[in-house]
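Student: Below are the sequence and a predicted model; questions follow.
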Amino acid sequence: MADKALYTFERSDALMDRARRAVPSGIYGHQSPALLTPGSYPSFLARGEGCRIWDVDGNEYIDFMCSYGPIVLGHRHPRVEEVVRKQLGQADCQNLPGEAWVELAELLAEITPWAGWVAFAKNGSDVTTWSLAVARAYTGRDKVIMAADAYHGIGAWCTPGKAGITPSEKADILTFVYNDLNDLRRVVAENRGAVAGVILTPFRHEAFHNSEMPNPGFLQGVRKICDEEGLVFILDDVRAGFRLNLNGSGEYFGFQPDITCYCKAIANGYPLAAGLGREELRAAAEVVFFTGSFWTAVTPMVAAKATIEVLRDEGGIAQMDAMGRRFREGLDQQARSLGLAITQSGPPAIPFMSFVNDAAFERNRLFCGECARRGVFLHPHHNWFLSAAHRERDIDEALVATEAGFKAVKSQFGG
Ligand code: PMP
């Protein structure tokens, strides 16, 4: 098949020139195009439908980033859009919450076997930071243990950024090596009586790193240590939630936390975060001050309710798993037939691929850039996301572009 014309980005580039003057860095944070392959990606998007997105130059992509997670059913899923439209015709942000505040909390507690109550906010960082406060209020202790290099958001206690953060803001955070129970036991023993809880993502998925699944028994071992030492076990399910198991990633990996933090995929792109807790933690959650200007807005809550119902009714999680496997198999075959050594990591619905001996991600930047210029939106050093809108034909179409990407790596790097 002849290669289709490669994309160009005139309008994106012109907007980016203006953005650089109007906004610090133009676009900051994880969506900065500086983190992608220069010249091969757009900087601004215009619209989305299902698993397809279009940039401001009109280029179309099969979307394997899903807005870095939030789009779990596909862009503009009709059942979600319908309840959103209806709600916007009434009101969104008001003096008091709407009925959906109660209905959604009941639904989340119902589908999560161990949870007694639910609190709402907007961003993942809101709930991860709040979860530490609840653990501290419950235990009367200050310190919290996290895995070294894990990403839990932009709270001063956990941000990977250094500028503007004082050492005192991280003083109560202790780290251990993910998947190493002995290291966790060591940190707990060295701080006995001072540790409120442990916060972990269900698998290791930070950027610039292959994903790392929990070793058999690791999460269960963390649970046991928390029980023995009276620590609150916090699951940061912001990135993986609603992609692995509708009842939470604890169910997928076979353990039950004390608090779960949800955000990204909960409302198919509408802004909402939720913290779920065990009944014993209710009194602590009641005394932690927790609020925000937009936190009771109704639209994201009706969107979340519809998103969860559609995922359940239409088997969305199994669909993402199946399409993730199909994509992974296709990539594997292509790399093997070209003699390229790759590593595929993470669960099929939240996959990542990197090249062996590519510590600086140079091969992956070329590979993903070549895919982007052929209409497939991947990321060179952040995990990818499937949505329930991906179908076999989308995966197979994407594999045409990835083949060209692999060939470009072969011709530039030789292997
Ligand atoms: N925890 C994890 C595991 C995340 O992936 C993220 C976002 N990437 C956060 C917390 C923070 O969420 P937010 O960006 O919505 O504040």
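Tutor: Received it, and whenever you're ready, just let me know what you need. Numbering: from 1, shown residues only.
Student: What's the local residue count around the closest residue to the ligand within the chain?
Tutor: The nearest approach of the chain to the ligand comes at Gly124, 2.2 Å away (Cβ to the nearest ligand atom). For every residue, glycine as well, the C-beta is placed using N, CA and C. If you count neighbours by other Cβ atoms under 10 Å, Gly124 ends up with 25.
Student: tell me which element the nearest residue to Gly155 once chain neighbours are set aside falls in.
Tutor: Closest residue to Gly155 apart from its sequence neighbours, by Cβ to Cβ, 6 or more residues apart in numbering: Thr129 at 4.0 Å. Assessed by DSSP states H and E, Thr129 sits inside helix 124-139.
Student: one step back: who are the contact partners of the residue nearest to Gly155?
Tutor: Contacts of Thr129 were listed using Cβ atoms under 8 Å, 6 or more residues apart in numbering, and they are 153, 155, 157-158.
Student: now the helices for the stretch 1-150 of the chain?
Tutor: Applying DSSP state H, counting those that start in this stretch to the stretch 1-150 of the chain gives helices spanning 10-22, 78-88, 99-111, 124-139.
Student: Can you lay out these as a markdown table showing distance to Asp183 and mean pLDDT?
Tutor: Shown next, in a markdown table, are the helices of the stretch 1-150 of the chain (distance: least, Cβ to Cβ, whole Å; pLDDT from 0 to 100):
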| stretch | distance to Asp183 | mean pLDDT |
| --- | --- | --- |
| helix 10-22 | 43 | 98 |
| helix 78-88 | 42 | 98 |
| helix 99-111 | 33 | 98 |
| helix 124-139 | 20 | 98 |
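Student: Can you tell me which of these is packed in deepest?
Tutor: helix 124-139 (a mean of 23; mean count of other Cβ atoms under 10 Å).
Student: quick revisit: would you check which pair of the contacts of Thr129 lies furthest apart?
Tutor: The most widely separated members of these, counting by Cβ to Cβ, are Gly153 and Trp157 (9.2 Å).
Student: my guess is Gly358 contacts Phe367, does it?
Tutor: One correction, residue 358 is Asp, not Gly. No: counting by Cβ atoms under 8 Å, Asp358 sits too far from Phe367 to count as a contact (9.3 Å).
Student: What residues does the chain have near the ligand?
Tutor: 123-125, 128, 151-154, 201, 236, 238-239, 263 (Cβ under 6 Å from any ligand atom).
Student: run the last query once more with 5 Å
Tutor: 123-125, 152-153, 201, 236, 238-239, 263 (Cβ under 5 Å from any ligand atom).
Student: which one of the contacts of Thr129 sits closest to Gln334?
Tutor: Once Cβ to Cβ is applied, the member of the contacts of Thr129 that ends up nearest Gln334 is Gly153, at 35.5 Å.
Student: who's in contact with stretch 29-45?
Tutor: So stretch 29-45 is in contact with 7, 9, 11-13, 15-16, 19, 25-27, 53-57, 59, 68, 207, 365-366, 368-370, 372-373, 377, 379-382, going by Cβ under 8 Å, 6+ apart.
Student: Go through it and flag the buried ones.
Tutor: 33, 35-37, 40-45 (16 or more other Cβ atoms under 10 Å).
Student: So what's the residue count around Ala306?
Tutor: Neighbours around Ala306, by other Cβ under 10 Å: 23.
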